[in-house]
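Asker: Structure, please.
(2 chains)
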Amino acid sequence: MRRLKKRFQFLNAARGERISGRFFVLQRVRVEQEDFGVGFTVTKRMGNSAERNRIKRRLRAAVMACKGCFADRHDYVLIGKREVLNAPFAELVQRLGSTLQRMERRPPPADRPASPNS
RNA sequence: CCAGUUGACCGGGUGGCCGCUCCCGUUCAGGGAUUUUCCCUGAAGGGGGGAGGAAAGUCCGGGCUCCACGGAAACACGGUGCCGGAUAACGUCCGGCGGGGGCGACCCCAGGGAAAGUGCCACAGAAAGCAGACUACCUCCUGCGGCUUUUUUGAAGCGGCAGGGGGAAAAGGUGAAAGGGUGCGGUAAGAGCGCACCGCGGUGCUGGCAACAGGACCGGCAUGGUAAACCCCACCGGGAGCAAGACCAAAUAGGGAUGACGCGGGGGCAACCCCGGCCUUGUUUUCGGGCCAGUCAUCCGGGUUGGUUGCACGAGGCGUCAGAGCAAUCUGCGUCCCAGAUGAAUGGUCACCACGCAGCGGGAGACCGCUGCCCUACAGAACCCGGCUUACAGGUCAACUGGCCUG
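Answerer: Residues are numbered from 1 along each chain as shown, chains lettered A, B, ... in the order given. Next up, the predicted model:
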């Protein structure tokens, strides 16, 4: 599993598939890589820096919990929301798993050329 | 025991599972090199370190870095403002002084100058800065009534109303503030008009490094407040900031530096002389310094992206340490190495415990048991220090003050 760190990687993922939920918005795009990558976005409107940090950490722990549901050769971006702070962790993991499965069952979109990310 | 003041401190704990970053060994793999030693990269496993009292706001002061190198004067702008000390420095801290508040412990103060000048002082009030007079006071004159005494005309006295002249600034009322305050004398009524005390001003004395305090003599009172209004005085201050700056690698448009020839305009055969323009980090002037057109040669920089460095041994932490000092603090000794991320690590989750809150039950009560909730407030290092300010659930300790009870 790779961690997304560059700005163009996030801009690239924003052009792909997208499912929004109560805790987060999930974006995915196909890339020319062997494994899959995950990045997190929490905007300043979600709280001060301590709360933004906690949102990212809980989302990261949830990603580790359902590591097997991610598809290789794709980049994922999770845009966190404030509700992540007070939600029970089990519910957070269950939501992430079901959202990933929904995205997997969807018909693949028209093949938009995605630029490589390295 | 209750209420309070000041100072210091803590700001969840234990265990299981999963995970991140940095450092140090071990093993393995790949590469470089000259065989080992050695260097670089990656992986596995082991050990160790890993957010705060405010890390925050970015409000002051510094270190550090760059701005092609300066000196002097004037002006502007910004800041500070009782005195002494501490400090690298400060608008910070400590100790005093003065003023104000509190029964007290103690707390608060943007605390230089208002007889250098300008401005402002709403509402109310007669009047708000320069003296003036609304009601009321005293006195005199004129007019009109009244009453008393006396023997009538008349005269004398008392008091009233209206108008006018003069005195006075004490009383009432307004206001944040009304041209010293209180008391006694004095007066037609009054007034620093006189006196005592207090205040104010001046002179010199004593104590103190000083701010200032104390008392003496003189003056008879003149000078309202406001300088977080302009201003005056004294002192301080160059600008930008780690996205500073340095290096490396890519890819790209053509700016600069050095050297040689040579070099703005005018005069002169020439040496040289006269007149210029631009830069010199707030502005202006001056002194000094540098530069001015073109050609050739050599070399470098700037912007963008990524990486390395700056980047953690420092005005460093700790010590029932010692010494100096009332204290802030300083000196000495010992000891320790204690975060270095960069889409940004230092955690996530589960269980239990402690703490807190709510409910129920038991108990005379302190309290005990059960269940549920938050499983904790404010808040996340970003080059580093010293402060200030602001936010903060809950809790601990010490000293002191006032009250109540007991001995």
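Asker: Leaving out the residues flanking it, which one is nearest to the closest residue to RNA strand B within chain A?
Answerer: RNA strand B sits closest to A:Ala61 of chain A, with a gap of 2.9 Å, by C-beta to the nearest atom of the strand. Any C-beta I mention is one placed from the backbone N, CA and C, and that applies to glycine too. Nearest residue to A:Ala61, sequence neighbours excluded (C-beta to C-beta, 6 or more residues apart in numbering): A:Phe89, at 7.4 Å.
Asker: Equivalent analysis for A:Gly97, please.
Answerer: A:Cys66 (4.5 Å).
Asker: next one: A:Val63
Answerer: Closest to A:Val63 by C-beta to C-beta, 6+ apart is A:Val38, at 5.6 Å.
Asker: per-residue confidence for the one you found?
Answerer: Per-residue pLDDT puts A:Val38 at 87.
Asker: wait, what's in contact with the residue located most distally from the centre of chain A?
Answerer: Distance from the C-alpha centroid of chain A, by C-alpha atoms, centre = their mean, peaks at A:Asn48 (21.2 Å). With contacts defined as C-beta atoms under 8 Å, 6 or more residues apart in numbering, A:Asn48 has no neighbours.
Asker: Tell me the predicted confidence for it.
Answerer: Value listed for A:Asn48 in the pLDDT field: 85.
Asker: mind listing the strands for chain A?
Answerer: Ranges of strands within chain A are A:2-3, A:17-20, A:24-30, A:37-41, A:74-80, based on DSSP state E.
Asker: Just give the number of residues close to A:Gly47.
Answerer: 15 (other C-beta atoms under 10 Å).
Asker: Looks like A:Val31 contacts A:Tyr76 (just checking).
Answerer: No - counting by C-beta atoms under 8 Å, A:Val31 sits too far from A:Tyr76 to count as a contact (10.4 Å).
Asker: between these two, what contacts are shared?
Answerer: Joint contacts of A:Val31 and A:Tyr76 (C-beta under 8 Å, 6+ apart) are A:Gly37.
Asker: ok, back up a step: pretty sure the residue nearest to A:Val63 contacts A:Arg3?
Answerer: Yes - at 6.6 Å, A:Val38 counts as touching A:Arg3 under the criterion of C-beta under 8 Å.
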